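Enquirer: Provided below for reference: sequence and predicted model.
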Amino acid sequence: MTIVYKEDIPEIGKYFSLFESTGWNEEYKLTKEELNNTLMKSYYCVSAYDAERLIGFGRIMSDGILHAMIYEMIVYQDYQGRGIGREILNRLLNKCFENNIRDIQLFCAKGKRQFYEMSGFAARPDEKPGMEYVKNQSL
């Protein structure tokens, strides 16, 4: 098995299948077109392929100077544990380092905290700012 990494936005059908494998779309209910539009606004993307099959992906949203946020770090479950996610993350981080981006953050999927900690990430302390909007809350 030879994994090829590309700095590209993958074909939307392949990416939609990969995205759906996470279960995230049960909440978001994105169409292929909506998901494609999110990708088109990315600062930088890394796709991993086994032959023609898209098996992994990660992207950065950024202003290119101060802030970068890593999103959609995904590797198909049957390819996990082979270093593919680590390689994608390293490539995303290197892009930030090359551009001297000062603040790099990400959302961590449940159960994946240790993976990111091994790459230099730390959970934000309680006294640091950061909140998430929660729909359907009473005002």
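Expert: All right, it came through fine.
Enquirer: in this structure, what spans have low per-residue confidence?
Expert: Low-confidence regions of the chain, defined by pLDDT under 70, span residues 129-139.
Enquirer: Just the strands from it, written as ranges.
Expert: With DSSP state E as the definition, the chain shows strands at residue ranges 3-6, 44-50, 53-62, 67-75, 103-106.
Enquirer: so which of those gets nearest residue 29?
Expert: Of all the strands of the chain, it is strand 67-75 that lies closest to residue 29, at 16.0 Å by CB to CB. Bear in mind the C-beta positions are built from the backbone N, C-alpha and C, glycine included.
Enquirer: buried residues in that closest one?
Expert: Neighbour-count burial for strand 67-75, with 16 or more other CB atoms under 10 Å as criterion, is recorded at 68, 70, 71, 72, 73, 74, 75.
Enquirer: For the fourth one, list the residues it contacts.
Expert: For residue 72, the residues meeting the contact criterion (CB atoms under 8 Å, 6 or more residues apart in numbering) are 19, 57, 58, 59.
Enquirer: Give the ChimeraX command for selecting the buried subset of those.
Expert: Only the buried members of the contacts of residue 72 enter the following ChimeraX selection, criterion being 16+ other CB under 10 Å:
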select :19,57,58,59
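Enquirer: nearest to residue 122, of the contacts of residue 72?
Expert: Closest to residue 122 out of the contacts of residue 72 is residue 58 (18.9 Å), distances taken as CB to CB.
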